[in-house]
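> Just the structure for this:
(chains A and B)
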Amino acid sequence: DGGITQSPKYLFRKEGQNVTLSCEQNLNHDAMYWYRQDPGQGLRLIYYSQIVNDFQKGDIAEGYSVSREKKESFPLTVTSAQKNPTAFYLCASSPRTGGLREQFFGPGTRLTVL
Amino acid sequence: GEDVEQSLFLSVREGDSSVINCTYTDSSSTYLYWYKQEPGAGLQLLTYIFSNMDMKQDQRLTVLLNKKDKHLSLRIADTQTGDSAIYFCAEGGATNKLIFGTGTLLAVQP
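Numbering: from 1, shown residues only, chains lettered A, B, ... in the order given. This next block holds a predicted model:
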């Protein structure tokens, strides 16, 4: 089945540790996105990539890093520089061209810093 | 800058109609979207409307767009307990980025 997978579903991290969240898609989409969701704040864009080997900062990129070495994969690293990393993280993908650029979402990863 | 606003909470009784409202600021938006998020899950696209349309109906869902006032609404007819979720509106324009609203929590009382 075509879709987006994120792993793990739940992740626990100690303060001061970096952690990488996985996002894989088999929809043949060029564009991929990472969002952070906090209660009552909706979705905030962290990073996005419109093509392999290229990515741009979103609204809240500080303390995060990404890579886009393959079309199918867009991992997000939450570094120790991120001051408040506990949140629900959502990955999405979409076509890069065309009129309706619907974003398809993965099931999310809930990160908790202990 | 671009901004999308929604009310935070709506409570309805099962069988009633629900109307979720959204206002946006970017007049160049091409498509406007409604997404649904169930607890602990990702977002799924419910419906969308092209900016040159006034209304779109899809089974129990009706989307109304007032482009002059930059107002979008989602009406759910015969609301069921399974409709309880967070609903997000989003606007998309020339770039691939979508601007999401804060989400409206719909609570359906049996």
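> which parts of stretch B:67-80 are buried?
Across stretch B:67-80, burial judged by 16 or more other Cβ atoms under 10 Å in any protein chain shown covers B:70, B:72-76, B:79. C-beta here means a position set from N, CA and C on the backbone, and glycine is covered the same way.
> Grab the CA positions of that stretch and hand them over as PDB.
What follows is the C-alpha trace of stretch B:67-80 in PDB, where atoms were taken according to Å, rounded to 0.1, in the frame of the first residue of the first chain:
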ATOM      1  CA  LYS B  67     -13.600  34.900  -1.000                       C
ATOM      2  CA  LYS B  68     -14.500  38.500  -0.400                       C
ATOM      3  CA  ASP B  69     -14.500  38.000   3.300                       C
ATOM      4  CA  LYS B  70     -11.800  35.300   3.200                       C
ATOM      5  CA  HIS B  71     -14.100  33.000   5.200                       C
ATOM      6  CA  LEU B  72     -14.300  29.300   4.800                       C
ATOM      7  CA  SER B  73     -16.700  26.900   6.600                       C
ATOM      8  CA  LEU B  74     -17.200  23.200   6.900                       C
ATOM      9  CA  ARG B  75     -20.700  21.900   7.600                       C
ATOM     10  CA  ILE B  76     -21.100  18.300   8.700                       C
ATOM     11  CA  ALA B  77     -24.700  17.100   8.400                       C
ATOM     12  CA  ASP B  78     -26.100  14.500  10.800                       C
ATOM     13  CA  THR B  79     -23.000  14.600  13.000                       C
ATOM     14  CA  GLN B  80     -22.000  11.200  14.500                       C
END
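> anything in that stretch near chain A?
No - taking Cβ under 8 Å from any Cβ of the partner chain as the criterion, stretch B:67-80 and chain A are apart, separated by no less than 15.1 Å.
> number of nearby residues for residue 35?
Since no chain was named, I'll use chain A. Using other Cβ atoms under 10 Å in any protein chain shown, A:Tyr35 has 28 other residues around it.
> Chain B is the one I meant
Residue crowding around B:Tyr35 was assessed by other Cβ under 10 Å; the count is 25.
> if we can go back for a sec, give me the subset of the buried residues of stretch B:67-80 lying in strands.
By the criterion of DSSP state E, membership of those in strands covers B:72-76.
> With pLDDT and distance to B:Gly103 added, can I get these in CSV?
Below are those laid out as CSV (pLDDT from 0 to 100; distance: Cβ to Cβ, whole Å):
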residue, pLDDT, distance to B:Gly103
B:Leu72, 95, 14
B:Ser73, 97, 15
B:Leu74, 98, 12
B:Arg75, 98, 17
B:Ile76, 98, 15
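> Export those as TSV, with columns for distance to A:Cys23.
What follows is these, written out as TSV (distance: Cβ to Cβ, whole Å):
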residue	distance to A:Cys23
B:Leu72	29
B:Ser73	32
B:Leu74	28
B:Arg75	34
B:Ile76	31
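> residue nearest the centroid of chain A?
Closest residue to the average C-alpha location of chain A: A:Trp34 at 2.8 Å, with Cα atoms, centre = their mean.
> Span of stretch A:57-68 from start to end?
13 Å (Cα to Cα, to the nearest Å).
> quick one: buried residues of it?
A:58, A:61, A:64-66, A:68.
> Give the burial count for B:Ser11, as a bare number.
Every residue meeting other Cβ under 10 Å relative to B:Ser11 is counted, giving 11.
> what residues are up against it?
With contacts defined as Cβ atoms under 8 Å, 6 or more residues apart in numbering or on different chains, B:Ser11 is in contact with B:106-109.
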